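K.L.:
Generate a structure from the sequence data that follows.
(one chain, ligands or ions: 1)
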Amino acid sequence: MPPLLFRSTNGQSPAVNLREAFHAGLAPDRGLYLPEQFPQIPPAEIAGFARLPYAEIAFRVLSKFTGGIIPDDHLAAMCRDAYNFPIPLEKIHNRVFLMRLDQGPTASFKDFAAQMMARMFGHFLRDDGQQVTILTATSGDTGSAVAHAFHGVPGVRVIVLFPIAEVSVSQRKLMTTLRDNIRTIAVEGKFDDCQAMVKRAFADPDLKHIPLSSANSINIGRLLPQSVYYFYAASRLARDGEPMVFSIPSGNFGDAMGAVVAREMGLPVKKIIAPVNANDEFPRFLTSGHYEKISPSRNSVSNAMNVGHPSNLARLVAIYGGQMDETGKIHRQPDLAAMRRDLFSTSVSDDRTRAALKNFWDQYQLLLEPHGAVAWQGFLDWLAVEPPGDAPAAIIETANPAKFPEEIHKMVTWSPDIPPKMEEALKLPEDFDRMDADYGKFKAYLIQKYAR
Ligand SMILES: *Cc1c(COP(=O)(O)O)cnc(C)c1O
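P.N.:
Numbers count the residues shown, from 1 in each chain. Just a heads-up that it's a prediction; the model follows:
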């Protein structure tokens with residue numbers, strides 16, 4: 001079978017294979033890559049997932065995209081190597097479960113994608129003996145997950161930009177203590193500034209001689225591994241192809257897009273709930289059909305979701321037959337009725353986030369952190385408008401509570417234990433550069449450090 005092709009959401013650049021989409025990150029026309037059509041997993045194969053470990057499900061799902069590009073035995077080994085940590089599904093009540101995606105090396109769900117991406121990049125670079133510089137803007141968790149995943153991968157240099165005042169101390173230390181092939185830059189600005197600097201660098205003809213790539217959620221390689229845990233949840237919670245409900249706390253909508261991808265591949269899904277914090281541009285759009293980005297983005301306790309213009313909306317809109325360009329302008333409306341049928345969104349303020357975290361602890365003796373609390377409150381908001389029936393549900397907890405000890409202490413009067421792996425990183429000396437939110441300075445930095 002010929003390799004699957006990927007097309008840009010802006011429709012102005014040629015279709016490419018997975019390897020090319022991976023290296024490019026953003027398409028030349030500044031759109032995002034999506035598969036020409038989604039490979040299908042037949043119901044009988046999905047039913048068989050019930051007996052398989054996570055790594056094997058990951059292999060079954062991802063191999064549908066990598067055929068003709070990565071040999072199956074290599075991919076299977078990468079999956080076993082990357083996914084060697086537990087994925088707890090904790091019962092909340094009846095058929096509602098909390099899926100904790102926080103047991104990876106940096107205690108965030110971003111490890112699921114970063115670990116696989118690093119192995120795929122390593123595989124491609126070994127093949128063609130190239131060097132690549134990965135630029136990543138982070139509001140906290142992407143940077144540390146990417147830095148850990150790529151640390152020591154030959155042929156890869158990573159530069160992480162983070163907003164100095166918007167990341168927690170432990171989030172920062174998880175990326176600034178690695179060194180070697182990992183550089184971190186503290187930007188005097190917001191996440192949006194970091195993201196804008198990275199995007200301009202990709203589009204800058206003066207930097208064409210530096211092979212740049214991205215590990216942000218614009219990269220299709222980030223998205224595909226994030227579809228796997230929805231198949232996994234269903235394999236453990238759904239009976240005979242029952243449709244699932246997922247509640248996914250959303251910022252750039254890469255995680256929620258993982259669920260959309262799973263559904264496009266054939267996973268039965270009743271509803272994808274994608275709650276946001278005070279950055280409510282998506283729920284407003286879903287209600288009104290009118291999209292307006294929020295600039296500057298609003299700060300909140302769920303800081304990894306402080307996104308005023310989620311890059312993955314271009315993909316979501318495309319899947320529903322519309323077209324949105326990188327600035328957020330809609331050239332063709334998506335099928336809004338279908339979007340509303342499949343998706344639900346709601347804005348959860350900081351007050352409601354904190355109350356949800358506390359009530360959840362009081363009621364179920366299960367600890368959330370602020371992002372998971374947004375997911376829980378989003379689920380409750382959905383229950384208030386739509387009868388769930390008996391559908392199994394997975395609430396996605398995207399980070400370990402120990403990453404937010406101060407906030408949690410305020411709510412439940414004690415602080416969670418720090419996982420041992422994190423504790424080690426917190427003791428190491430930090431090393432990072434500082435920079436104004438100024439593209440000219442960033443460009444000069446790249447040229448000075450990386451031009452040959
Ligand atoms: C990144 C992140 C999110 C948001 O995920 P998106 O894919 O950007 O929507 C939610 N929670 C945590 C802890 C994160 O790090």
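
K.L.:
what does this structure have sitting close to the ligand?
P.N.:
Residues of the chain lying close to the ligand (CB under 6 Å from any ligand atom) are 108, 110, 141, 217, 249-256, 304-305, 371, 398-399. Using the backbone N, CA and C atoms, a C-beta is placed for each residue, glycine as well.

K.L.:
Looking at those, which are in strands?
P.N.:
Among the residues of the chain next to the ligand, no member falls in strands (DSSP state E).

K.L.:
and the helix or strand bottoming out on mean pLDDT in the chain, what other elements does it pack with?
P.N.:
One helix or strand of the chain scores below all others by mean pLDDT, DSSP states H and E: helix 420-427, with a mean of 83. Helices and strands touching helix 420-427, by 3 or more CB pairs under 8 Å, 6 or more residues apart in numbering; DSSP states H and E, are helix 169-176.

K.L.:
same for the helix it packs on, what does it pack against?
P.N.:
helix 141-150, strand 156-163, strand 182-188, helix 420-427.

K.L.:
got a list of what the residue of the stretch 51-200 of the chain found nearest the ligand touches?
P.N.:
Of all residues in the stretch 51-200 of the chain, residue 141 sits closest to the ligand, at 3.0 Å by CB to the nearest ligand atom. By CB atoms under 8 Å, 6 or more residues apart in numbering, residue 141 lies in contact with 106, 108-110, 171, 304, 398-399.

K.L.:
would CSV of those residues with distance to residue 319 be doable?
P.N.:
Formatted as CSV, the contacts of residue 141 follow (distance: CB to CB, whole Å):
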residue, distance to residue 319
106, 29
108, 25
109, 21
110, 22
171, 31
304, 24
398, 22
399, 27
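
K.L.:
Can I get those residues in a markdown table including distance to residue 339, pLDDT and neighbour count?
P.N.:
Below are the contacts of residue 141 laid out as a markdown table (distance: CB to CB, whole Å; pLDDT from 0 to 100; neighbours: other CB atoms under 10 Å):
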| residue | distance to residue 339 | pLDDT | neighbour count |
| --- | --- | --- | --- |
| 106 | 32 | 92 | 30 |
| 108 | 28 | 94 | 27 |
| 109 | 23 | 97 | 30 |
| 110 | 25 | 96 | 30 |
| 171 | 32 | 85 | 26 |
| 304 | 24 | 89 | 28 |
| 398 | 23 | 98 | 27 |
| 399 | 27 | 95 | 26 |
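
K.L.:
Pick out the most distant pair among those.
P.N.:
109 and 171 (13.8 Å; CB to CB).

K.L.:
chain center to the helix or strand harbouring residue 261: distance?
P.N.:
Assigning secondary structure by DSSP states H and E places residue 261 in helix 254-264. Relative to the mean C-alpha coordinate of its chain, helix 254-264 is positioned 10 Å out (CA atoms, centre = their mean, to the nearest Å).

K.L.:
what do you get for stretch 266-284?
P.N.:
14 Å.

K.L.:
Mind naming the longest helix for the protein?
P.N.:
The helix spanning the most residues in the chain, taking DSSP state H as the definition, is helix 110-128.

K.L.:
Going along the chain from that helix, find the next helix or strand for me.
P.N.:
strand 132-137.

K.L.:
Can you tell me the strand partners of that following strand and which way each runs?
P.N.:
strand 156-163 (parallel), strand 212-214 (parallel) (DSSP bridges).

K.L.:
Can you give the distance of the last one from its chain's centre?
P.N.:
Same thing as strand 212-214. Its chain's C-alpha centre and that of strand 212-214 lie 17 Å apart, by CA atoms, centre = their mean.

K.L.:
ok, residues contacting that strand?
P.N.:
Residues outside strand 212-214 that contact it (CB under 8 Å, 6+ apart): 22-26, 121, 132-136, 198, 201-202, 219.

K.L.:
contacting residues for the closest residue in space to residue 85 that isn't next to it in sequence?
P.N.:
Among residues not flanking residue 85 along the chain, residue 103 sits closest, at 4.3 Å (CB to CB, 6 or more residues apart in numbering). Contact analysis of residue 103 by CB under 8 Å, 6+ apart lists 85-88, 400.

K.L.:
For ChimeraX, write the selection for the buried entries among those residues.
P.N.:
Filtering the contacts of residue 103 down to the buried ones (16 or more other CB atoms under 10 Å) takes a single ChimeraX command:
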select :87,400
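
K.L.:
Mind putting the contacts of residue 103 into JSON lines with pLDDT and secondary structure?
P.N.:
Shown next, in JSON lines, are those (pLDDT from 0 to 100; DSSP: H, G, I helix; E, B strand; the rest coil):
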{"residue": "85", "pLDDT": "96", "secondary structure": "coil"}
{"residue": "86", "pLDDT": "96", "secondary structure": "coil"}
{"residue": "87", "pLDDT": "98", "secondary structure": "coil"}
{"residue": "88", "pLDDT": "98", "secondary structure": "coil"}
{"residue": "400", "pLDDT": "94", "secondary structure": "coil"}
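
K.L.:
Tell me the one of the contacts of residue 103 nearest residue 260?
P.N.:
residue 87 (20.1 Å).

K.L.:
Extract the C-alpha trace of the longest helix of the chain and format it as CSV.
P.N.:
C-alpha atoms of helix 110-128 as CSV (Å, rounded to 0.1, in the frame of the first residue of the first chain):
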residue,chain,number,x,y,z
LYS,A,110,2.1,15.6,26.9
ASP,A,111,4.5,12.8,27.5
PHE,A,112,2.3,10.5,25.4
ALA,A,113,3.0,12.4,22.3
ALA,A,114,6.5,13.7,23.0
GLN,A,115,7.8,10.2,23.8
MET,A,116,6.6,8.8,20.5
MET,A,117,7.6,11.9,18.5
ALA,A,118,11.1,11.8,19.7
ARG,A,119,11.4,8.1,18.7
MET,A,120,10.0,8.8,15.3
PHE,A,121,12.3,11.8,14.7
GLY,A,122,15.2,9.7,15.9
HIS,A,123,14.2,7.0,13.4
PHE,A,124,13.9,9.5,10.5
LEU,A,125,17.1,11.3,11.3
ARG,A,126,19.1,8.0,11.5
ASP,A,127,17.8,7.2,8.1
ASP,A,128,18.9,10.4,6.4
